[in-house]
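**Student:** Got a predicted structure plus its sequence, pasted below:
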Amino acid sequence: MSRGHRVSAVLFAAVVFPATGSRPVFAEWPAATTEAAAPWIPAGSRRVFDALPPAKTPNSQENNPGGLFQKAVTYYREGMTPQAIATYDEIVRRFGDDERPTARKWVAKALFNKADTFFAQGQVAEALAVYDEAERRFADDRNFEIRQTMFGMLLNKGEALAHQGNIWGKIFVLETLDRRFSRDADPGIRAWAINALDDKAMTLNQHGMSDEAIAVFDDIERRFGGEHTPVIRQQLVKALVDKGIVLGKRGSLAEVAAISDAIDRRFGKDDSPEIQEAVSRSLVNKGVALAQQGRRRDAIAAFEHVENRFSKVDSPSLREQVARARDYKKQLSPEEKKRPPAKH
């Protein structure tokens, strides 16, 4: 199960809330949507990558791989799935032995989309076979765009294995991503490796292995904590927020508040929208943890802090956290007793 489908079921134990309204839960990352980014752009939450877009300016649809790729995507979008798969196969058959980088790029993308099409149709075994074929062809390719495509294909392979119930297979794939990409010269690719490790940790936690999950988060911090590239920092702070969620779900509530404060000290002045979203989620989670400890006043203060700090920021994700904080504060605040009218 991908991170985008995780559902939090943590309810307050130390504080009694009214029956109405949404009960406070840890602020996890939202579910992925079909409008998310292309494969080589890491999404904010773990997800199955979308199919690649068609070529924009093919020379000849029948005689170059980019043109055939556009033809295949058009078939798919018109609901002609068998014809789309046949066209992807034609690209591989005609250009699979072509050593030109441009041709190899389109072959890799054709395999990506063929596997994605099988997966979308529920043909998981067929998708896995295509992922393995791509691995045989491109595992050692150093072309940057092909490496991007292979990262997405391996990530999807992990999701396909999880779909079959093979959680350890998924974890093995995520560990392969770590070995292959975490030392890449490009910081964007290293950031994806952090994302894969984050997914590994959350997958372990979902299956009752919170200690192992925490160890993975600590490994992320040890290996990447000293990097200052923005894209690395964005993935690092998200991993720290997830670590706080894992701590909260296993009842280490004091540690949740501590890690939220640490995130704020370390990232709070960063004006990147992605990092500000992560900081706000972490601070909401601090309030949730305080409330679960029965520290009502401290929790209310934490939610008010989120409200005051982020309410003027024009960002949908931050507005969501502000609304969450307001709702939780309202549930924690005692209702004023109605006073009888004064007698004259």
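**Tutor:** Happy to help now that I have it. Numbers count the residues shown, from 1 in each chain.
**Student:** what about residue 333, distance to residue 298?
**Tutor:** From residue 333 across to residue 298, the span is 13 Å (Cβ to Cβ, to the nearest Å). All C-beta atoms are positioned from the backbone trio N, CA, C, and that covers glycine.
**Student:** Between these two, which has more neighbouring residues?
**Tutor:** Using other Cβ atoms under 10 Å as the criterion, residue 333 and residue 298 rank with residue 298 on top: 16 against 12.
**Student:** Please export the C-alpha coordinates of the host helix or strand of the more buried one as CSV.
**Tutor:** Per DSSP states H and E, residue 298 falls inside helix 296-310. Output in CSV follows, covering the C-alpha atoms of helix 296-310 (Å, rounded to 0.1, in the frame of the first residue of the first chain):
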residue,chain,number,x,y,z
ARG,A,296,-5.2,20.6,27.1
ARG,A,297,-3.9,24.1,27.6
ASP,A,298,-0.5,23.4,26.0
ALA,A,299,-2.3,21.7,23.0
ILE,A,300,-4.6,24.7,22.6
ALA,A,301,-1.6,27.0,22.6
ALA,A,302,0.1,24.8,20.0
PHE,A,303,-2.9,25.0,17.7
GLU,A,304,-3.2,28.7,18.2
HIS,A,305,0.4,29.1,17.3
VAL,A,306,-0.3,27.3,13.9
GLU,A,307,-3.3,29.5,13.4
ASN,A,308,-1.5,32.8,14.1
ARG,A,309,1.6,31.9,12.2
PHE,A,310,0.2,30.6,9.0
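**Student:** Touching, residue 128 and residue 161? I think so.
**Tutor:** Yes. Counting by Cβ atoms under 8 Å, residue 128 does reach residue 161; the two are 7.2 Å apart.
**Student:** Please identify every residue contacting each of the two.
**Tutor:** Counting by Cβ atoms under 8 Å, 6 or more residues apart in numbering, residue 128 and residue 161 have no shared contacts at all.
**Student:** give me the number of residues near residue 95?
**Tutor:** Residue 95, neighbours per other Cβ under 10 Å, totals 19.
**Student:** wait, what's in contact with it?
**Tutor:** 65, 103, 106, 107.
**Student:** what about 6 Å?
**Tutor:** 65, 103, 107 (Cβ atoms under 6 Å, 6 or more residues apart in numbering).
**Student:** residues contacting the first one?
**Tutor:** Yep, that's residue 65 we're talking about. Contact partners of residue 65, counting by Cβ under 6 Å, 6+ apart, are 91, 95, 103, 106.
**Student:** For the first one, what is the enclosing helix or strand?
**Tutor:** Which is residue 91. Judged by DSSP H and E, residue 91 forms part of helix 81-95.
**Student:** Might you quantify the distance of that helix from its chain's geometric centre?
**Tutor:** 31 Å (Cα atoms, centre = their mean, to the nearest Å).
**Student:** thinking again about what came up before, in terms of secondary structure, what does the helix holding residue 298 contact?
**Tutor:** Packing partners of helix 296-310 (3 or more Cβ pairs under 6 Å, 6 or more residues apart in numbering; DSSP states H and E): helix 273-292, helix 316-332.
**Student:** Break down this protein into its helices, ranges please.
**Tutor:** Per DSSP state H, the chain carries helices over the ranges 65-77, 81-95, 101-120, 124-138, 144-163, 167-181, 187-206, 210-224, 230-249, 253-267, 273-292, 296-310, 316-332.
**Student:** Tell me which of those is the most buried.
**Tutor:** helix 273-292 (a mean of 25; mean count of other Cβ atoms under 10 Å).
**Student:** what's the spacing between residue 249 and residue 146?
**Tutor:** Residue 249 is 38 Å from residue 146, by Cβ to Cβ.
**Student:** Distance of the closest residue in space to residue 321 that isn't next to it in sequence relative to residue 125?
**Tutor:** In space, and not counting its chain neighbours, residue 321 is closest to residue 280: 4.0 Å by Cβ to Cβ, 6 or more residues apart in numbering. Per Cβ to Cβ, residue 280 is found 42 Å from residue 125.
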